[in-house]
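**Student:** just coords:
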């Protein structure tokens, strides 16, 4: 996930944060479902079992090249005995573990990699674990959709820079005033608007007086993908010395072809998804 988040699972607030690009879930928050007054005690009870120690050891073997296997074997021998006590801090200090992180203080708590957190949640309550996984997946789905949108927006911005650079190098005599320069840029931007949307930025504003932003802010994902391609192509056409009317004609034809292809692929994808549901 892109930033620290929190969600509600069976009326409990559960915090999730990223550590080294991995998702870590608050064991402290999960433990509150069982004991709201002393969640640390719940975590320690879970960690003192031999099964938990073995599980944590296997996870570290698989994910941590610096895991202290010698100390782990010593801990495992003691696990399960009546006198055995293991806290998150002690576990990390002895074995150099990375799957659990613990920090004292008001904004601290014990966090664990999602693999470990789901295992802990299962020990707390199978029902809680299932709801936690479902809510975690929902957050990931939302994030992936947002990420996909951001990638397309950023791609458009990158190609926009390529586009404006081509304009600057090939269409702007050095003696033009700032106002004249802006007019050229606006003119070239409207080449793309006309090719894709069939209207200039001014015409769109006249038709939508109550809307903020510009026509591109209201483009869908398919249009943004197509727009990024058109910007790149127009930069190439400018460098080749193709005149504006001919560029507009070429870009319009390409926009039609690409949008038909994108919409067709989206329809096929929808149909495949529907067939999977029906199956």
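**Tutor:** Good, I have the coordinates. Source: prediction; values computed, not measured.

**Student:** pull the residues that contact the longest strand seen in the chain.
**Tutor:** In the chain, with assignment by DSSP state E, the single longest strand is strand 12-19. Outside of strand 12-19, the residues within contact range by CB atoms under 8 Å, 6 or more residues apart in numbering are 1-8, 23-26, 29-30, 32-33, 101, 109, 111, 128, 132, 135-136, 139. Yep, even glycine has a C-beta here, placed from its N, CA and C like the rest.

**Student:** low-confidence ranges in the stretch 151-279 of the chain?
**Tutor:** For the stretch 151-279 of the chain, the stretches flagged by pLDDT under 70 are 151-185, 262-279.

**Student:** show me the helices in it, by range?
**Tutor:** 178-197, 201-207, 221-239, 244-278 (DSSP state H, counting those that start in this stretch).

**Student:** quick revisit: the contacts of strand 12-19 in strands, which ones?
**Tutor:** Reading strands off the contacts of strand 12-19 with DSSP E, I get 5-8, 23-26, 101, 109, 111.

**Student:** now, the most widely separated pair of these?
**Tutor:** Spanning the widest gap among the ones in strands among the contacts of strand 12-19 are 8 and 101, at 22.6 Å by CB to CB.

**Student:** those two: which is more packed in?
**Tutor:** residue 101 (19 against 10; other CB atoms under 10 Å).

**Student:** count of neighbours near the nearest residue in space to residue 25 that is not next to it in sequence?
**Tutor:** Nearest residue to residue 25, sequence neighbours excluded (CB to CB, 6 or more residues apart in numbering): residue 117, at 3.7 Å. Using other CB under 10 Å as the criterion, residue 117 is surrounded by 27 other residues.

**Student:** ok, residue 117 touching residue 29?
**Tutor:** No - judged on CB atoms under 8 Å, residue 117 makes no contact with residue 29 at a distance of 9.6 Å.

**Student:** picking up where we left off before, what's the ChimeraX line that selects buried ones from the contacts of strand 12-19?
**Tutor:** ChimeraX command restricting the contacts of strand 12-19 to the buried ones, with burial defined by 16 or more other CB atoms under 10 Å:
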select :1,5,7,23,24,25,26,29,30,32,33,101,109,111,128,132,135,136
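
**Student:** pLDDT on stretch 57-65, on average?
**Tutor:** Averaging pLDDT along stretch 57-65 yields 92.

**Student:** circling back to that earlier point, quick one: the longest strand of the chain to strand 22-26, angle?
**Tutor:** With axes from the mean of the first three to the mean of the last three CA atoms, to 10 degrees as the basis, strand 12-19 and strand 22-26 are set at 150 degrees to each other.

**Student:** listing partners with orientation, what would you give for strand 12-19?
**Tutor:** Using DSSP bridges, the strands paired with strand 12-19 are strand 5-9 (antiparallel), strand 22-26 (antiparallel).

**Student:** pLDDT of that strand, averaged?
**Tutor:** For strand 12-19, the mean confidence score works out to 90.

**Student:** likewise for stretch 135-149?
**Tutor:** Rounded mean pLDDT across stretch 135-149 is 74.

**Student:** tell me how far the nearest residue to residue 205 once chain neighbours are set aside lies from residue 197.
**Tutor:** In this structure, residue 205 finds its nearest non-sequential neighbour in residue 214, 7.4 Å apart by CB to CB, 6+ apart. Here residue 214 is placed at a distance of 11 Å from residue 197 (CB to CB, to the nearest Å).

**Student:** which of the two has more neighbours?
**Tutor:** residue 197 (19 against 15).

**Student:** these two touch, right, that one and residue 215?
**Tutor:** Yes - between residue 197 and residue 215 there is a contact at 5.8 Å, judged by CB under 8 Å.

**Student:** quick one: residue 99 and residue 8, what's the gap?
**Tutor:** In terms of CB to CB, residue 99 sits 25 Å off from residue 8.

**Student:** any shared contact partners between residue 197 and residue 215?
**Tutor:** The contact lists of residue 197 and residue 215 share residue 204, where a contact means CB under 8 Å, 6+ apart.
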